[in-house]
Structures are given as structure tokens and as C-alpha cells.
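> Sequence isn't available, so here's the structure alone:
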């Protein structure tokens, strides 16, 4: 399979979708990628929808707007990278204890990772990366360095991301299943959030230990585009869907802030109990 370089002058040829992207030019931005796919959509109607962005015209209109004057994002570039994750199984005895535990007693971990059921994602993760939050440190390996800020971008308007270059990390790092640290409330909560909590889990894992294996996988052009569009449309197929969810999130944050000021915060274990009830009801169905 021939590799090719993705650059600003590239015009999408459907025959290239299954070719591996060997290199992405340093000046190749998110705007370039959206523009390339939108141009190809004109010649091949339905192509953008196949990548997961059926309303590409709406996203293109947004990404070509001027950057918001009040945008103070510290993101320096956008990054695609692979993840390897272990499946999680439930521990019946622990779940029974959590359901019937005496008042005031803490929950115990009711899930564990199963090393015999590891999974390689079909799509790459796509997030924003910022400067070193420690002293300036040029020339470091971002994939192994623990001092870079990582940002979720699914709620960010595209006009504030348009200028950012896209970088691809072809390495996938496999870590040991967690034992002691898997019981930590932060990691447990992140695991329960599924894909939304994946960046938190990855950050937690990377800080804790070195990978037991690292493999290199060059993405195809199809995988690269689909991975980017999957993240951009995470809240819905249209920018209005994202904006609506963002407003709901802001209201929830304001409600939580007000509850905190009134001393009415709900214990996190109670929130997990409610999630358990919801999942039990889904299992019964």
C-alpha cells in the first residue's frame, strides 16, 4: 500500500481513501481538512456523510468565520493518536455490596479490567494540545512527556480551531491493566463516562506507568478524516446540536455552583448509585 503526504494543496481522490497517510505537512490545518472534504463532496455527493459529517456545509460556514476576539485558548495544535483499552467487567459481589451497603459506608470498586479482552480502537482520538504547563521545554516527545495540557474540543466552535495544525502520532501504547489504582474514584468515574471520559483515563494512565508495548500504525486517509469528524460531530451532526448541549452544560454548572453555595451538593457515591440503577434497568430490558 502506497503512502502519501497530506498537504494544503492535496485534492481528495476517493481512490486514496484506503492508502496510508505517511506524513502530514506542518502547515496542514483543520480548515484545510474540512475544505478538502467539502470540495470532494461537490463531486461525490454523500461522501461527507460517509465520514460522519452530513451537514458539512454548516460546519464549513462556521470554520471560515473569523476567530472570536475573546478566544483565549492555549491550544497550540490538534493531535490524532491511537489508544488500546481493556474491557471492563462487573464484579457481582461488589455490586451487591454497593446496593445494600449501610448508610455512611463508602462504595467499593465494582468493575475491573480484563486483560484477555483488550481492544484496539478503529478510530483515533482527536484532541487539542497546549504548551508545557511547567517550564518551557522544547524538543520533548509529547507522547511520553507528562507536562502538556490536553484539551477536549467537541464543544469548541470550529472558527476558533481552524488555524491549528493537525499532527498525527502513529504510535499506540499498551499499558498493564490497573490493579490498585483502578479503584481510585477519579479513574472509576472516568471509566463510567465511556468515550467522554477516555481522555481523562488516558491522562491518568500515562502519568502512572510506562507502556509494556508500543506499536506503530499508520492511519489510512479514511481513518484520519473519520476520526477528526467523529470528534467534531460528537454532540450531533449540526453545529446547532453542539451549541444546544453546551447551553445545557452551562446551566448544569450554574445549578451545581448554586447548590454548592447553599451547601446542597450531592455526594458522588450517590450519583454513582443512580447510574447503577439506570444500568440495571437497561440490563433488565
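Here it is on my side, so go on. In this text, all values refer to a predicted model and were calculated from it rather than measured experimentally.
> How about residues contacting the longest helix along the chain?
Ranked by residue count, the top helix of the chain under DSSP state H comes out as helix 239-261. Outside helix 239-261, the residues that touch it by Cβ atoms under 8 Å, 6 or more residues apart in numbering are 55, 58-59, 62, 154-155, 157-158, 234-236, 265-266. Bear in mind the C-beta positions are built from the backbone N, C-alpha and C, glycine included.
> go with 7 Å
Here helix 239-261 makes contact (Cβ atoms under 7 Å, 6 or more residues apart in numbering) with 58-59, 62, 155, 235-236, 265.
> ok now it, how far from the chain's centre?
Relative to its parent chain, helix 239-261 has a centroid offset of 20 Å by Cα atoms, centre = their mean, to the nearest Å.
> can you pull the buried residues of that helix?
239, 242 (16 or more other Cβ atoms under 10 Å).
> Tell me the first helix or strand C-terminal of that helix.
Counting by DSSP states H and E, the element after helix 239-261 in chain order, helix or strand, is helix 268-284.
> any idea which residue of the protein is furthest from its center?
residue 102 (37.0 Å; Cα atoms, centre = their mean).
> Double-check that it belongs to a helix.
No: counting by DSSP: H, G, I helix; E, B strand; the rest coil, residue 102 is not part of a helix but coil.
> Can you pull the domain assignment for the chain?
As assigned by automatic domain parsing, the chain contains the domains 3-234, 246-284.
> Lowest average pLDDT across those domains?
Mean pLDDT is lowest for domain 246-284 among the domains of the chain, at a mean of 75.
> Now find how far off-centre that one is within its chain.
22 Å.
> So the nearest residue to residue 163 once chain neighbours are set aside versus residue 275, what's the distance?
In this structure, residue 163 finds its nearest non-sequential neighbour in residue 29, 5.9 Å apart by Cβ to Cβ, 6 or more residues apart in numbering. The gap separating residue 29 from residue 275 is 39 Å, by Cβ to Cβ, to the nearest Å.
> These two - which one has more neighbours?
residue 29 (19 against 13; other Cβ atoms under 10 Å).
> Quick check: bridge partners of the more buried one?
residue 165 (DSSP bridges).
> wait, it sits on residue 165?
Yes: between residue 29 and residue 165 there is a contact at 5.4 Å, judged by Cβ atoms under 7 Å.
> any idea where the strands of the chain begin and end?
Assigned by DSSP state E, the strands in the chain fall at 3-6, 20-24, 75-81, 84-90, 111-120, 125-132, 148-151, 166-169, 171-174, 213-216.
> Ok, which of these comes nearest residue 39?
Closest to residue 39 of the strands of the chain is strand 3-6 (Cβ to Cβ; 14.3 Å).
> Run through who's touching the closest one.
Residues contacting strand 3-6 (Cβ under 7 Å, 6+ apart): 16, 19-25, 28, 218.
> how about these in TSV, adding neighbour count and distance to residue 4?
Shown next, in TSV, are those (neighbours: other Cβ atoms under 10 Å; distance: Cβ to Cβ, whole Å):
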residue	neighbour count	distance to residue 4
16	17	7
19	16	6
20	17	8
21	21	7
22	13	6
23	13	8
24	19	10
25	15	11
28	21	13
218	15	11
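> out of these, who's nearest residue 88?
residue 218 (29.0 Å).
> Now do the contacts for residue 274.
Residue 274 touches nothing, counting by Cβ under 7 Å, 6+ apart.
> could you redo the last one with a cut-off of 10 Å?
Contacts for residue 274 (Cβ atoms under 10 Å, 6 or more residues apart in numbering) come out as residue 266.
> What separation do you get for it and residue 26?
Separation of residue 274 from residue 26 (Cβ to Cβ): 47 Å.
> Same check on residue 7?
Shown here: residue 7 relative to residue 26, a distance of 9 Å by Cβ to Cβ.
> which of the residues in stretch 112-124 are buried?
Within stretch 112-124, judged by 16+ other Cβ under 10 Å, the buried ones are 112-113, 121, 123-124.
> Please name the two of these that end up farthest apart in the structure.
It's 112 and 124 that sit farthest apart of the buried residues of stretch 112-124, by Cβ to Cβ, at 26.6 Å.
> and among the domains of the chain, the most buried is which?
Compared across the domains of the chain, domain 3-234 shows the largest average neighbour count, a mean of 15 (mean count of other Cβ atoms under 10 Å).
> Can you check the distance spanned by that one, start to finish?
Start-to-end span of domain 3-234 (Cα to Cα, to the nearest Å) is 29 Å.
> same check, this time on stretch 73-91
End to end - Cα to Cα - stretch 73-91 spans 42 Å.
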